[in-house]
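> What would the 3D arrangement of this be:
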Amino acid sequence: MIEAGAQAPDFKLPDQDGNEVSLADLAGQHTVLVFYPADFSPVCTDQLNVYQEVLGELEERGVKMLGVSVDSAWAHKAFQDHLGVSIPLLADFHPKGEVAKAYGVWVEDYGVSARSLVMIGPDGTVEWSYQSLSPLEIPGANLIFDALEREPSMPRTQ
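Coordinates of the predicted model:
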């Protein structure tokens, strides 16, 4: 998994509406990439619902949150509509898992990303990262808020 202090790998992925989103688009703000295995799975559904509950508070603090999985943009749109969430969902669909691989969260045996969080600072540097020990573990929103509270000089990889 990518570690704090590393330069965030560049990417350009379509969101659920087909709009291209790149790392350059996120410059100047804190961004949390939420890597999750698959749309419509029960644990992923619960995970995105948890983050939707705190999305307004994160946005008030200047944080942009983006979900990333290997599903297509069309699947993301259906998933987003089904859940009623506004978190943008990026399709790491083709080449499959390229961004997950660049961030070190790819699970080859299953062809999906590990359930992981990566916080990128305004300058494009990874400030903090977390990977669940189990695909059934939902990283709580408290982890994100704790990472935002830490001093910038502290290591933030868990």
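
> Tell me the gap between the lengthiest helix in the chain and the middle of its chain.
Secondary structure of the chain per DSSP state H: the longest helix is helix 42-60. Counting by C-alpha atoms, centre = their mean, to the nearest Å, helix 42-60 is centred 11 Å from the centre of its parent chain.

> these two touch, right, His82 and Phe40?
Yes - between His82 and Phe40 there is a contact under C-beta atoms under 8 Å: 7.4 Å. For every residue, glycine as well, the C-beta is placed using N, CA and C.

> all strands of the chain, in order?
Using DSSP state E, the strands found in the chain span residues 12-14, 20-22, 30-35, 63-69, 89-91, 106-107, 112-113, 116-120, 126-131.

> Tell me which strands the first one pairs with, and in which orientation.
Paired with strand 12-14 in the same sheet, following DSSP bridges, are strand 20-22 (antiparallel).

> cool, and the fourth one?
Sheet pairing here is set by DSSP bridges, and for strand 63-69 it gives strand 30-35 (parallel), strand 89-91 (parallel).

> Save those as JSON lines, and put in mean neighbour count too.
Shown next, in JSON lines, are these (neighbours: other C-beta atoms under 10 Å):
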{"stretch": "strand 30-35", "mean neighbour count": "24"}
{"stretch": "strand 89-91", "mean neighbour count": "25"}
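
> if we compare those, which one ends up closest to Glu3?
For the strands paired with strand 63-69, the distance to Glu3 is smallest for strand 30-35, at 14.3 Å, taking C-beta to C-beta.

> Name the nearest residue to Asp10, sequence neighbours excluded.
Leu23 (4.8 Å; C-beta to C-beta, 6 or more residues apart in numbering).

> Around that neighbour, how many other residues sit close by?
18 (other C-beta atoms under 10 Å).

> just checking, it touches Gly124?
Yes - with contact defined as C-beta under 8 Å, Leu23 reaches Gly124; the gap is 6.4 Å.

> shared neighbours, these two?
Counting by C-beta atoms under 8 Å, 6 or more residues apart in numbering, the contacts common to Leu23 and Gly124 are Ala8.

> can you list the weak-confidence ranges in this structure?
Scanning the chain for pLDDT under 70 picks out 151-158.

> still on that earlier bit, want to throw the strands of the chain into CSV with distance to Tyr51?
Output for the strands of the chain, formatted as CSV (distance: least, C-beta to C-beta, whole Å):
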stretch, distance to Tyr51
strand 12-14, 18
strand 20-22, 17
strand 30-35, 6
strand 63-69, 6
strand 89-91, 11
strand 106-107, 21
strand 112-113, 16
strand 116-120, 10
strand 126-131, 13
